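Chemist: Okay, sequence plus prediction incoming.
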Amino acid sequence: MTEAQLMHTFDQFQHASSYVAFNEIASGHINDTYLIKTREEPHYILQRINHHVFKDIPGLMANKVLISEHLKHKRSDLSEKEIKNRVLTFVPARSGTYYFKDHEGHYWNVMEYIKDSITHHIVTREEVAYEGGKLSGEFLRLTSDLDASRLVEVIPHFHDMSFRFSQFEDALKVASAQRKEKARTYLLKVADLKDEMHIIQNLKASGAIKLRVTHNDTKISNALFDRNNKGLCVIDTDTVMPGVVHYDFGDAIRTICNSAAEDESNLDLVHFNVAYYNAYKSGFLEELETTLSDLEIETLPLAAKTMIFIMGIRFLTDYLNEDVYYKTKYPEHNLDRARNQFKLIESMEKQMKV
Ligand code: GN1
Ligand code: MG
């Protein structure tokens, strides 16, 4: 993307600011995200949405705006200024919709940048884990009265284990001998864990655990904090859909409790941090405990293992498919991500009863 293209795209949205500069925010694996600095505040986030992954972008944007409106409504106890720090604000395009489609067929959206916010990619303090738990628990609590049928299911079966297994099996059929050989140890691990990793899905299908509005991408880098490490806002509402509490709990634990980055290739650096697990869980339950069933609470450790596993199998599948889904920086990037997730499971198993 050239600066001129970004400026032009930014100007297709209804803001009253003058462009000054941009920075790419390269942490996502799917969309392209840019911070747009303007002469006046707020600054903005301009994002190109990957339409190969998200097939219904008008539906996706409708979900995102609906969630923000709902959260704003629920936070009417806060001042206008506070609300802007706690809930994402989307900016309509000149056409009136919340997305702009450029002449190459790419879709864009704009939101206000939350001032002085910071993100964590690796957690190094217990209070961040605790605040992270409060943020995702609060999100689930505040969306609990939102009618889920108003949400478009942007990626059907997103966290269904059987769906991820069938994608994995399809990938195995077409994978090169070389990639299969490199992935061999992990193919065996996947097979070993197959039954256990379907338990949550089976509980969901049987109705034993309740369907809710869930965020579905609660990795810690999708939470904003202020400079005192207090949680501000959950971001990246792309995948908000009906789901179970385990998805949000598990995906957050996957990232908060990893002592290294998700793609760290030196597995000696990858450890599961139980203290952070407990801190996250206490923040999460403070927000939600009264609304969770005993079964939901009992299965939280399994949720963590399951969500680490589902990302492991998805990275492995993409490796076998020659890296068609996630952005990669080098040929074995997806394999490194998968190895990392399986190491995290191993470290978790050594320390916790799962
Ligand atoms: C993708 O692009 P990003 O970072 O928001 C993925 C998530 C994974 C995550 C792993 C739509 O999210 O499910 O947890 O990578 N999103 C999609 O870091 O597949
Ligand atoms: Mg995401």
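Modeler: Looks like it arrived, so ask away. Ligands and ions are numbered 1, 2, ... in the order given.

Chemist: can you list the residues of the chain near ligand 2?
Modeler: 217, 236, 238 (Cβ under 5 Å from the ion). In this view, the C-beta of every residue, glycine as well, is placed from N, C-alpha and C.

Chemist: As JSON lines, these with distance to residue 167 and neighbour count would be great.
Modeler: Converted to JSON lines, the residues of the chain next to ligand 2 look like this (distance: Cβ to Cβ, whole Å; neighbours: other Cβ atoms under 10 Å):
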{"residue": "217", "distance to residue 167": "18", "neighbour count": "22"}
{"residue": "236", "distance to residue 167": "22", "neighbour count": "22"}
{"residue": "238", "distance to residue 167": "19", "neighbour count": "25"}
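
Chemist: Residue 41: neighbouring residues, count only.
Modeler: Residue 41 is flanked by 11 other residues according to other Cβ atoms under 10 Å.

Chemist: got the contact list for it?
Modeler: residue 115 (Cβ atoms under 8 Å, 6 or more residues apart in numbering).

Chemist: do the same with residue 43
Modeler: 35, 36, 37, 112, 113, 115.

Chemist: Can I get the buried ones among those as something I can paste into PyMOL?
Modeler: Filtering the contacts of residue 43 down to the buried ones (16 or more other Cβ atoms under 10 Å) takes a single PyMOL command:
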select buried, resi 36+112+113
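
Chemist: where does the nearest residue to residue 259 once chain neighbours are set aside land on pLDDT?
Modeler: Leaving aside its chain neighbours, residue 259 sits nearest to residue 271 (4.3 Å; criterion: Cβ to Cβ, 6 or more residues apart in numbering). Here, the pLDDT recorded for residue 271 equals 98.

Chemist: follow-up on the earlier one: which single one of the contacts of residue 43 is nearest to residue 146?
Modeler: Relative to residue 146, the closest of those is residue 112; by Cβ to Cβ it sits at 21.8 Å.

Chemist: on that earlier part again, right, and the pair among the contacts of residue 43 with maximum separation?
Modeler: 36 and 115 (13.7 Å).

Chemist: before we move on, the earlier item: what's the distance between the residue nearest to residue 259 and ligand 1?
Modeler: According to Cβ to the nearest ligand atom, to the nearest Å, residue 271 and ligand 1 sit 19 Å apart.

Chemist: now swap in residue 312 and tell me
Modeler: Separation of residue 312 from ligand 1 (Cβ to the nearest ligand atom): 11 Å.

Chemist: Contact partners for the residue nearest to that residue when sequence neighbours are not counted?
Modeler: What sits nearest to residue 312 in space, not counting adjacent residues and going by Cβ to Cβ, 6+ apart, is residue 341, at 3.4 Å. Residue 341 sits next to 254, 262, 308, 309, 311, 312, 315 when contact means Cβ under 8 Å, 6+ apart.

Chemist: Farthest-apart pair in the residues you listed, please.
Modeler: So for the contacts of residue 341, where distance means Cβ to Cβ, the most widely separated pair is 262 and 309, at 13.8 Å.

Chemist: Looking at these two, which is more packed in?
Modeler: Set side by side, residue 262 and residue 309 show more neighbours around residue 309, with 24 against 20, by other Cβ under 10 Å.

Chemist: For the stretch 51-200 of the chain, which segments count as helices?
Modeler: 57-74, 80-86, 126-142, 161-174, 177-182, 184-193, 199-206 (DSSP state H, counting those that start in this stretch).

Chemist: which of the ones you listed sits most buried?
Modeler: Among those, the stretch with the highest mean neighbour count (mean count of other Cβ atoms under 10 Å) is helix 126-142, at a mean of 23.

Chemist: Just the residues contacting stretch 138-158, thanks.
Modeler: Contacts for stretch 138-158 (Cβ under 8 Å, 6+ apart): 53-54, 56, 59-60, 62-63, 66-67, 70-71, 74-75, 163, 211-216, 234, 238-243, 245, 248, 287-288, 291.

Chemist: Just the element for the residue of the chain found nearest ligand 2, please.
Modeler: In the chain, the residue that lies nearest ligand 2 is residue 217 (3.8 Å; Cβ to the ion). Counting by DSSP states H and E, no helix or strand carries residue 217.

Chemist: Give the closest residue to it in space, chain neighbours not counted.
Modeler: residue 239 (4.9 Å).

Chemist: Phi, psi for that neighbour please.
Modeler: Dihedral angles of residue 239 (phi, psi; degrees, to the nearest 10) stand at phi -110, psi 20.

Chemist: That one touches residue 213, doesn't it?
Modeler: No: counting by Cβ atoms under 8 Å, residue 213 is not a contact partner of residue 239; they are 11.4 Å apart.

Chemist: if I look at these two, which residues touch both of them?
Modeler: Counting by Cβ under 8 Å, 6+ apart, residue 239 and residue 213 have no common neighbour.

Chemist: What's the separation between residue 200 and ligand 1?
Modeler: In terms of Cβ to the nearest ligand atom, residue 200 sits 16 Å off from ligand 1.

Chemist: The residue of the chain closest to ligand 2 touches residue 251, doesn't it?
Modeler: Yes: if you go by Cβ under 8 Å, residue 217 and residue 251 touch, sitting 6.6 Å apart.

Chemist: So for residue 290, what's the pLDDT?
Modeler: pLDDT for residue 290: 88.

Chemist: List the contacts of the residue nearest the centre of the chain.
Modeler: Most central in the chain under Cα atoms, centre = their mean is residue 217, positioned 2.0 Å from the mean C-alpha point. Residue 217 is in contact with 236, 238, 239, 251, counting by Cβ under 8 Å, 6+ apart.
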